[in-house]
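Peer 1: need coordinates for the following:
(one chain, ligands or ions: 1)
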Amino acid sequence: MTTASAATRARTGQIASLSPVLKQATPVVVDHALGSWIHGTDGRDYLDFTTGIGVTSTGHCHPHVVAAAQAQCAKVIHAQYTTVLHTPLLELTERLGGVLPLGLDSVFYANSGSEAVEAAIRLARMATAKPNIIVFQGGFHGRTVAAASLTTAGTRFSAGFSPLMSGVHMAPFPYAYRYGWDTDTAVDFALRELDYLLQSRVAPNDTAAFLIEPVLGDGGYLPTPPRFLQGLRERADRHGILLILDEVQAGFGRTGRFWGHQHADGLTPDILITAKGLASGFPISAIAASTELMSKAWPGSQGGTYGGNAVAAAAAVATLDVIESEGLVENARVRGEQLLTGLRQVCAPFAGIGDVRGLGLMAGIEFISTDAAGNTAPDAVAATAVQQATTDQGLLTLTCGPAANVVRLIPALVVTAEEIDLGLSRF
Ligand code: PLP
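Peer 2: Purely as a prediction, here's the structure:
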């Protein structure tokens, strides 16, 4: 590698570097990684509570996933699904049938969360012939232009490249902590505001879908209250609007249930979006809906060259094996409770920490500053300082939230009780 780059440099005089837009949260360069651990080129071991932003859920390089991907590489790497099918995709589809909500029996594949979000929006608009999408304050749905148009988790995701996609309308999210209310009051308020929006500005007859995450991810690790999701389902049914759940970050066991929305009893979305934990690090995403709904998208309107890649699909099948055989959904629930309880104890003495919250293995710590009059404001400086200090301590964490004032911890679903304790002591 050194020789090749030296030769290139000799030929062109040019040295390429990564785009400065890739602002790195830590100085770590990974040499190799296994389970909950990243081994840096600096010779240090880091306990990884970021999992590539909620992706390597079965831990880094799980042997079963590695073996499946290696075996698949030797059989077929890529076969384009509109031309020829391959067995990993057929097997994955069959296996997903066993974990998807009843009635969502048709699956479409893409590569990333953003592409799957776009596929869901395209499907919703084609199926309903209606233009509007209602999103909720603090939602994050990706960085393609359409996905960024649906994202309200911070201006940094969409500033500077408008015009964005039209037909997107934002309704309040029941952010109880920020409003200073209890959850029920916040839910009542947000549902009332949504009803008002539907009566005054965004007619249900012109509205294709509600789009929401079961736990706001980049928006600050805020679990969506089950009663709010149920209120959306009820309004969706009443008005003929589709309910799209973005389970890209909260799905695949991360919250201690297989899907994040399963914390809301009896709830079924019309379209479910999944990615991240689906294949333990291989790029693949999917949307699921009923066959009836899915057939409203005409051939050619959805798809992409690499969608449903064979190696990624084989890794996804192996991921499902591991989740099942190692009881990882239950582990996420139990270890998540351990993590949240421990964080609440660790954080209790600090006035600069306003809220500690989460669901399963998604934990968020919100940093605030308080002025002389007792008014609080988001404190991104403190959150960043803590996130960087944890790296120094050998614990990788990330920040999130519209004001970037939340430190989030996203351990692998294979995390052990000892690793959670170690993470807490380093935090
Ligand atoms: N939706 C949610 C809830 C996400 O958390 C993300 C990424 O963080 C996306 C969509 C976009 O996924 P990707 O970055 O794979 O495009």
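
Peer 1: give the contact list for the residue nearest to Phe161 when sequence neighbours are not counted.
Peer 2: Using CB to CB, 6 or more residues apart in numbering and skipping residues adjacent in sequence, the residue nearest Phe161 is Val145, 7.0 Å away. No exception for glycine: its C-beta is placed from N, CA and C like everyone else's. Val145 is in contact with Phe161, Leu164, Met165, counting by CB atoms under 8 Å, 6 or more residues apart in numbering.

Peer 1: from those residues, which is closest to the ligand?
Peer 2: Using CB to the nearest ligand atom, Met165 comes nearest to the ligand of the contacts of Val145, at 15.0 Å.

Peer 1: how far away is that closest one from Leu22?
Peer 2: 25 Å (CB to CB, to the nearest Å).

Peer 1: same thing with Thr291?
Peer 2: Applying CB to CB to Thr291 and Leu22 gives a distance of 40 Å.

Peer 1: contact partners for the residue of the chain found nearest the ligand?
Peer 2: Closest residue of the chain to the ligand, CB to the nearest ligand atom: Gly113 (2.2 Å). Neighbour list for Gly113: His141, Gly142, Ala147, Asp246, Val248, Gln249, Ile273, Ala275, Lys276, Ser285 [criterion: CB under 8 Å, 6+ apart].

Peer 1: what's the helix or strand for the third one?
Peer 2: Secondary structure here is read from DSSP states H and E; on that basis Ala147 sits in helix 145-149.

Peer 1: hang on, Ala10 is in a helix, isn't it?
Peer 2: Yes - applying DSSP: H, G, I helix; E, B strand; the rest coil, one finds Ala10 inside a helix.

Peer 1: what's near enough to touch the closest residue to Ile353 other than its chain neighbours?
Peer 2: Distances taken as CB to CB, 6+ apart place Cys347 nearest to Ile353, at 4.4 Å, with adjacent residues excluded. Residues near Cys347 by CB under 8 Å, 6+ apart: Ile353, Val356, Ile365.

Peer 1: can you check the pLDDT for the second one?
Peer 2: Looking back up the chat, that one is Val356. In this model, Val356 is scored at 98, pLDDT.

Peer 1: now swap in the first one and tell me
Peer 2: Looking at Ile353, its pLDDT reads 97.

Peer 1: which neighbours does the longest strand anywhere in the chain have in its sheet, and in what orientation?
Peer 2: Secondary structure of the chain per DSSP state E: the longest strand is strand 362-370. Take DSSP bridges as the rule and strand 362-370 pairs in its sheet with strand 353-359 (antiparallel), strand 376-378 (antiparallel), strand 406-409 (antiparallel).

Peer 1: average pLDDT across it?
Peer 2: If you average the pLDDT over strand 362-370, you get 97.

Peer 1: gap between that strand and the chain center?
Peer 2: 19 Å (CA atoms, centre = their mean, to the nearest Å).

Peer 1: how about it and the ligand, any contact?
Peer 2: No - judged by CB under 6 Å from any ligand atom, strand 362-370 and the ligand are separated, with a smallest distance of 10.4 Å.

Peer 1: hang on, the earlier thing: which of the contacts of Val145 come close to the ligand?
Peer 2: Within the contacts of Val145, nothing lies near the ligand by CB under 6 Å from any ligand atom.

Peer 1: now, among those, which is nearest to Gln80?
Peer 2: Met165 (27.3 Å; CB to CB).

Peer 1: what about the closest residue to that closest one other than its chain neighbours, neighbour count?
Peer 2: Leaving out its chain neighbours, the residue that sits closest to Met165 by CB to CB, 6+ apart is Ser149, at 3.7 Å. The number of residues packed near Ser149 is 22, by other CB atoms under 10 Å.

Peer 1: who in the protein is up against the ligand?
Peer 2: Counting by CB under 6 Å from any ligand atom, the positions of the chain adjacent to the ligand are 53, 112-114, 117, 140-142, 213, 217-218, 246, 248-249, 275.

Peer 1: what's near enough to touch Gly97?
Peer 2: Residues in contact with Gly97 (CB under 8 Å, 6+ apart) are Asp105.

Peer 1: many thanks, have a good one.
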